[in-house]
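**Student:** Fold the following, please.
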Amino acid sequence: GIAVLGSIGTAVYRAVLAGTDLTGVPPAAAAAARDTLGAAVAAAAELPPAAADAVLQAARTAFVDGMQLTALVSAAIALAAAGMALVALRSVRPAAPSDDTGHHAGPDVPAPLAGLVDLAGGDAAPEPAQA
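**Tutor:** I've put the predicted structure just below:
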């Protein structure tokens, strides 16, 4: 899942930079900038100020565009997963009701453990000792 989202961001970054006019930037620096954001920053460090600003501005814009689309795709996937969970769990019946202390009152709680404090923070009192 994460690799797919990263691939989407990278593809958008590269597509945006491929369509960007980097006139005045040496071809090697432009090619490096089109590869990754880190390469763009490294290439800009070796360029004159005007060319460095052009490379950095184009790289920042491309990176933000890639991140925005990746976030939208991620949100769509999360909404789809929530919808699928809603549909899948719609017919599931709730568990047996709990008693006043919040402990499960179902038959799956062994009798010797019923009065112990549960690890989730319940505060049932231990049963009194029988004389």
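**Student:** can you pull out the helices in this protein?
**Tutor:** Secondary structure of the chain by DSSP state H: the helices cover 2-18, 27-35, 37-45, 49-89.
**Student:** tell me the mean pLDDT over stretch 28-35?
**Tutor:** Mean per-residue pLDDT for stretch 28-35: 92.
**Student:** what residues does it touch?
**Tutor:** By Cβ atoms under 8 Å, 6 or more residues apart in numbering, the residues outside stretch 28-35 that reach it are 14, 17-18, 22, 25, 39-40, 42-44, 46-47, 51, 55, 58-59. Every residue, glycine included, has its C-beta placed from N, CA and C.
**Student:** If you count neighbours, what's buried in it?
**Tutor:** Using 16 or more other Cβ atoms under 10 Å as the test for burial, stretch 28-35 gives 29, 30, 32, 33, 34.
**Student:** now swap in stretch 62-76 and tell me
**Tutor:** For stretch 62-76, burial by neighbour count (16+ other Cβ under 10 Å) applies to 62, 63, 65, 66, 69, 70.
**Student:** Tell me the one among these nearest to residue 7.
**Tutor:** Nearest to residue 7, judged by Cβ to Cβ, of those is residue 70 at 9.3 Å.
**Student:** Would you mind measuring from the nearest residue to that closest one once chain neighbours are set aside to residue 61?
**Tutor:** In this structure, residue 70 finds its nearest non-sequential neighbour in residue 9, 4.3 Å apart by Cβ to Cβ, 6 or more residues apart in numbering. Applying Cβ to Cβ, to the nearest Å, the value for residue 9 to residue 61 is 14 Å.
**Student:** do residue 34 as well
**Tutor:** 13 Å.
**Student:** could you check the angle helix 37-45 makes with the helix-or-strand element of the chain with minimal mean pLDDT?
**Tutor:** Lowest on mean pLDDT, DSSP states H and E among the helices and strands of the chain sits helix 27-35, with a mean of 92. Here helix 27-35 runs at an angle of 150 degrees relative to helix 37-45 (axes from the mean of the first three to the mean of the last three Cα atoms, to 10 degrees).
**Student:** No further questions, thank you.
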